[in-house]
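Trainee: Here is my input, please return the structure:
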Amino acid sequence: MNFDEMTARIANDDGFIAALDQSGGSTPKALRGYGVSDDEWSGDDEMFAAIHAMRSRVITAPSFSSGKVIGAILFEKTMDGMVDGKPTADALKARGVVPFIKVDEGLQDEADGVQLMKTMTKLDALLDKSVAAGMFGTKMRSVIKSANPKGIAAIVAQQFEYGNRIADKGLVPILEPEYDITAADRAEGEKILLAELAKGLDALPEGRKVMLKLSIPVEANLYAPLIAHPAVLRVVALSGGYSTEEACEHLAKNKGMIASFSRGLLQDLRKDQTDAEFDAALGKAIDAIYAASVAG
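Mentor: Numbering: from 1, shown residues only. Have a look, this model is predicted:
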């Protein structure tokens with residue numbers, strides 16, 4: 001797939017985006033969930049080799065190539081690795097899956113009810129490498145903890161600032177200001193977030209396209225104006241700690257919003273499963289997430 005073909009796949013096709021981008025901080029937990037205990041690896045190299053083996057197994061499973069997965073978000077080390085004898089991005093594109101790269105470097109401490117992203121000191125080099133690897137877009141996450149207008153404005157401004165830098169390099173940014181689903185004031189704060197995102201989208205240069213990755217809103221279809229905005233290629237939903245079943249139930253109520261789940265996709269996969277068992281568990285999750293993504 002070339003860039004135009006990938007753009008059309010993401011913008012128009014039914015399906016969802018798989019989040020395979022656990023980084024150093026979240027990898028041990030992901031491995032434990034997969035059935036790899038902490039004493040089975042020592043040091044970062046062995047840890048990342050173990051998680052790459054899991055991701056490779058996912059990408060090469062028959063159900064992953066069913067056409068229902070239209071994109072996948074990767075961690076840098078996954079992009080740098082090989083899957084089925086090919087660079088990971090090429091292996092994905094051969095399966096009809098558009099590759100994205102996680103670019104943020106973690107979160108700052110909470111202030112004004114949000115956690116901004118840490119300053120990205122390696123962004124330009126990572127973007128250049130990603131373009132060379134044939135990636136389509138990027139993803140970067142920050143977190144909203146409460147309905148603080150000042151904090152929400154700051155978090156959205158930061159997402160658009162980096163998003164424009166990424167777009168200038170020829171990649172499509174996914175802006176991800178996640179709203180903590182446990183926040184008591186989330187319904188109120190999501191309305192503030194909607195207004196700030198709309199302002200940011202309206203201010204984009206003409207013809208520029210971005211994507212949004214958002215928590216599934218308390219009020220169904222709250223983000224319909226963002227989905228319809230001409231600068232938005234697609235709006236995707238994070239699972240935010242929900243189980244697959246919970247996330248799919250909430251997502252199905254939001255027309256035009258598709259999934260970009262991590263835990264919700266991988267929660268039933270185990271290292272000791274046979275290939276058939278592994279593919280059956282993955283396929284069941286893919287079918288459920290796909291159904292929720294095309295509902296309505």
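Trainee: tell me the pLDDT at residue 193?
Mentor: At residue 193, the model reports a pLDDT of 98.
Trainee: Kindly report the same for residue 152.
Mentor: What the model reports as pLDDT for residue 152 is 98.
Trainee: next one: residue 296
Mentor: The per-residue pLDDT reported for residue 296 equals 58.
Trainee: Dump the helix or strand where residue 286 lies to CSV, restricted to CA.
Mentor: Element membership of residue 286 [criterion: DSSP states H and E] is helix 275-294. Taking C-alpha atoms only, helix 275-294 is exported to CSV below (Å, rounded to 0.1, in the frame of the first residue of the first chain):
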residue,chain,number,x,y,z
ASP,A,275,-1.4,-21.8,17.6
ALA,A,276,-5.0,-22.8,16.9
GLU,A,277,-6.1,-21.8,20.4
PHE,A,278,-4.2,-18.5,20.2
ASP,A,279,-5.8,-17.7,16.8
ALA,A,280,-9.3,-18.7,18.1
ALA,A,281,-8.9,-16.4,21.1
LEU,A,282,-7.6,-13.5,19.0
GLY,A,283,-10.2,-14.1,16.3
LYS,A,284,-13.0,-13.9,18.9
ALA,A,285,-11.7,-10.6,20.2
ILE,A,286,-11.3,-9.2,16.7
ASP,A,287,-14.8,-10.2,15.7
ALA,A,288,-16.3,-8.5,18.8
ILE,A,289,-14.3,-5.3,18.4
TYR,A,290,-15.0,-5.2,14.7
ALA,A,291,-18.8,-5.6,15.4
ALA,A,292,-18.7,-2.7,17.9
SER,A,293,-16.7,-0.6,15.5
VAL,A,294,-19.2,-1.0,12.6
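Trainee: got the residue ranges for the helices in this protein?
Mentor: Chain-ordered helices for the chain, with DSSP state H as the definition, fall at 3-12, 27-34, 43-60, 76-80, 88-94, 123-133, 149-168, 186-202, 224-228, 244-251, 263-266, 275-294.
Trainee: Which strands or helices does the helix holding residue 286 pack on?
Mentor: With contacts taken as 3 or more Cβ pairs under 8 Å, 6 or more residues apart in numbering; DSSP states H and E, helix 275-294 sits against strand 16-20, helix 244-251, strand 258-259, helix 263-266. Heads up, the C-betas are built off the backbone N, CA and C, glycines and all.
Trainee: now the ones you listed as JSON lines including mean pLDDT, distance to residue 5 and mean neighbour count?
Mentor: Rendered in JSON lines, the data for the helices and strands packed on helix 275-294 read as follows (pLDDT from 0 to 100; distance: least, Cβ to Cβ, whole Å; neighbours: other Cβ atoms under 10 Å):
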{"stretch": "strand 16-20", "mean pLDDT": "94", "distance to residue 5": "16", "mean neighbour count": "27"}
{"stretch": "helix 244-251", "mean pLDDT": "92", "distance to residue 5": "26", "mean neighbour count": "20"}
{"stretch": "strand 258-259", "mean pLDDT": "96", "distance to residue 5": "18", "mean neighbour count": "27"}
{"stretch": "helix 263-266", "mean pLDDT": "82", "distance to residue 5": "24", "mean neighbour count": "24"}
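Trainee: Of all these, which one is nearest residue 169?
Mentor: Proximity to residue 169 (Cβ to Cβ) singles out strand 16-20 among the helices and strands packed on helix 275-294, at 20.3 Å.
Trainee: thinking in terms of the whole chain, how far from its middle is that closest one?
Mentor: Relative to the chain's own centre, strand 16-20 is displaced by 6 Å; criterion: Cα atoms, centre = their mean, to the nearest Å.
Trainee: got the contact list for that strand?
Mentor: The set of residues that contact strand 16-20 without belonging to it, under Cβ atoms under 8 Å, 6 or more residues apart in numbering, is 10, 55, 58-59, 64, 68-75, 78, 97-98, 100, 236, 238, 258-262, 265, 289-290, 293.
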